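**Q** Sequence and predicted structure are below.
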Amino acid sequence: MSCPPTRRTILRGLALAATASAVPLPALASPLPGRASSPSPDPAGYVPPLRQMRGMWIASVLNINWPSKPGLTADEQKAEYLAWLDLAQARRLNSVFVQIRPTADAFWPSPYEPWSQYLTGTQGQDPGYDPLAFLVEQTHRRGLAFHAWFNPYRVSMQGDPARLHPDHPGRRHPDWIVAYGGRLYYNPGMPEVRAFVQDAMMDAVTRYDIDGLHFDDYFYPVNTPAFDDSAAFTRYGQGFPDLAAWRRNNVDLLVQEMQQRVRRAKPEVAWGISPSGIWRNRSTDPLGSDTDGGQSYDNLHADTRGWVKKGWLDYIAPQLYWYIGQSNADYAKLVPWWSDVAAGTGVQLWIGQAAYKAGAAGQPAPWFQPDELTRHLTLNRDHPVVGGDIWYNSGDLRADRIGSISTVVADHYTRPALPPLLPRLADGPAPRRPVLASAHMTDGGVELSIVATGRTLPFQFAIFRLDRKARPGDFADARHLAAVVPAGRHVRWVDPQGARGAYYYVTAVDRVSRQSPPGGGRRVIV
């Protein structure tokens, strides 16, 4: 029995089910980021992490999430995106992964590829503003991290090259294109194609202030000679034992070279991939997982385990889109397997969570249990290599069918969390210590006045509230973290949970999540 489909085979269904941004958010018991939290008691022995990936995917292909349909005005597109940021804050997330190159096109004025049809309805038509600049600016204004999500090789969701824009690279270089399954792809086996797609993506990395470069699970579409790259294999495949080994090497080169290019251009940008969740089954390879499903190594020519072991990524976020106890792909078996793969490598492990399955028609019974997803995150706590989760997709976080997402937020996200800090960046310069200029009671709670120091403004302020003077270690986790707020030169913030006698401390946090020493130590007296 094969595993359920990943995003690869559900895109069209999700596009039809996508909800418009005007849909109101379900009410949440948990407060918004930037507001103080009153968390439920943590389980015995559990220490809430200071840093944790809490992300969601915002898909643009087929207008699944944003924009909700092609041809919206610039103001309508902007309003929709701001509503997605509202959702991210309501769900207490700290990062968004936004698809800005879904089909060899662009959500920015690219010199390499045409404007995306998902903006205006016509490929190559200028939307009248720079969407990527707007996305990044507004995301950062909320104190959220922006990860730019790219698909490297998919050219079109339809199979006729003549329907591409006349200046599309696929029209200028028809030999670069492979038609398969009613869609068009760039040929990953051609070195000039690999260099071109890297150039196209690096254009966004170098020109925009993004926090991460992100790939999903799409590389080769399928392991079959019907994907006709035979001419390229004849030309470039000498020395490889078979077609599959050559294709796998082509993907390896893309991954390794992307790391090198990102590190050279912008070393503080996080680089990672969210592959399908099974590398190989143990029945195929003794190093594989105890599963019986589709294998990325064999089916998609993606050696996901190898990329981690070779240190070619900053993080990996496998799509573990299965329930606990599923016979052919048990979430409870895959989390420890991936934890073992990532342990000691310096590669962060974040888990791709299937919000789209919870309470959805046609799913098996476990997905109709409101606590299925919250049990996933509870299980993750037993595996400290897991550094957080990314949810697919944002529309399902909004829909909150059967209350599954609200349950996750109430059980796991009541406390704030900073985004992860990549180990390779941990020793870099920390931001300057801020000044907590005042802390006093008001009718609404305790008002803090925070002043940034130094020429460079930090990205966020992390605010800690204690019932005593701080001791060493009090700022290493989230037990005393009251809020994370966007930074500025001078920020005023009110803690509605504050009371007389509380002690407040503030740290400055930079864009990669490095933290300053604490400033403050002010006790609220009046």
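**A** Perfect, I can see it now.

**Q** Looking at per-residue confidence, what score does Asp42 get?
**A** pLDDT recorded at Asp42 is 72.

**Q** same check, this time on the one 4 residues further on
**A** As summarised for this prediction, Tyr46 has a pLDDT of 88.

**Q** Now it. Nearest residue, chain neighbours left out?
**A** Excluding the flanking residues, the one nearest Tyr46 by C-beta to C-beta, 6 or more residues apart in numbering is Arg381, at 6.2 Å. Quick note: C-beta positions are derived from backbone N, CA and C, even for glycine.

**Q** Can you get me a residue count around that neighbour?
**A** Counted with other C-beta atoms under 10 Å, residues neighbouring Arg381 total 16.

**Q** For it, give me phi and psi.
**A** Backbone torsions of Arg381, given as degrees, to the nearest 10, read phi -60, psi -30.

**Q** For the protein, name the helix or strand with the lowest mean pLDDT.
**A** Within the chain, no helix or strand scores below helix 7-17, which has a mean of 43 by mean pLDDT, DSSP states H and E.

**Q** Can you give the strand pairings for the next helix or strand after that one, parallel or anti for each?
**A** Once the chain leaves helix 7-17, the next helix or strand it forms, by DSSP states H and E, is strand 53-58. Looking at strand 53-58 with DSSP bridges, its partner strands are strand 95-101 (parallel), strand 386-392 (parallel).

**Q** Relative to Ala79, which of those is closest?
**A** strand 95-101 (15.7 Å; C-beta to C-beta).

**Q** buried ones in the biggest helix by length in the chain?
**A** The residue-count maximum for a helix in the chain (DSSP state H) belongs to helix 243-265. Residues of helix 243-265 classed as buried by neighbour count (16 or more other C-beta atoms under 10 Å): 243, 246-252, 254-255, 258-259, 261-262.

**Q** what's it packed up against?
**A** Applying 3 or more C-beta pairs under 8 Å, 6 or more residues apart in numbering; DSSP states H and E, we find helix 243-265 packed against helix 191-207, strand 212-215, helix 230-236, strand 270-273, helix 304-309.

**Q** what's in contact with it?
**A** Counting contacts by C-beta atoms under 8 Å, 6 or more residues apart in numbering, the residues outside helix 243-265 that touch it are 152, 188-189, 194, 197-198, 201-202, 205-206, 213, 215, 219-220, 223, 225, 229, 233, 236-237, 240, 269, 271, 273, 297-298, 301-303, 306-307, 310, 312-313.

**Q** how far does that helix sit from the chain's center?
**A** 21 Å (C-alpha atoms, centre = their mean, to the nearest Å).

**Q** now stretch 491-506
**A** 31 Å.

**Q** measure that stretch end to end?
**A** 11 Å (C-alpha to C-alpha, to the nearest Å).

**Q** sorry, back to before: just the pLDDT for the residue nearest to Tyr46.
**A** pLDDT, read off for Arg381, is 97.

**Q** can I assume it is in contact with Gly45?
**A** No: Arg381 is not in contact with Gly45 according to C-beta atoms under 8 Å; the separation is 9.7 Å.

**Q** ranges for the helices of the chain?
**A** In the chain, the segments counted as helices under DSSP H are 7-17, 74-90, 117-120, 131-141, 169-172, 191-207, 230-236, 243-265, 296-299, 304-309, 331-342, 372-380, 394-399, 404-412.

**Q** Only alpha carbons, please: show the third one as CSV.
**A** Right, helix 117-120. Included here for helix 117-120 are C-alpha records, laid out as CSV according to Å, rounded to 0.1, in the frame of the first residue of the first chain:
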residue,chain,number,x,y,z
GLN,A,117,-0.1,34.7,-14.2
TYR,A,118,-1.5,34.1,-10.7
LEU,A,119,-1.3,37.8,-10.1
THR,A,120,-3.1,39.3,-13.1
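
**Q** what comes into contact with it?
**A** Taking C-beta under 8 Å, 6+ apart as the rule, helix 117-120 contacts 60-63, 67, 70-71, 77, 102-103, 105, 107, 123, 125-127, 131.

**Q** Mind doing that once more with 7 Å?
**A** Ser60, Val61, Asn63, Pro67, Pro70, Gly71, Pro102, Asp105, Phe107, Gln123, Pro127, Pro131 (C-beta atoms under 7 Å, 6 or more residues apart in numbering).
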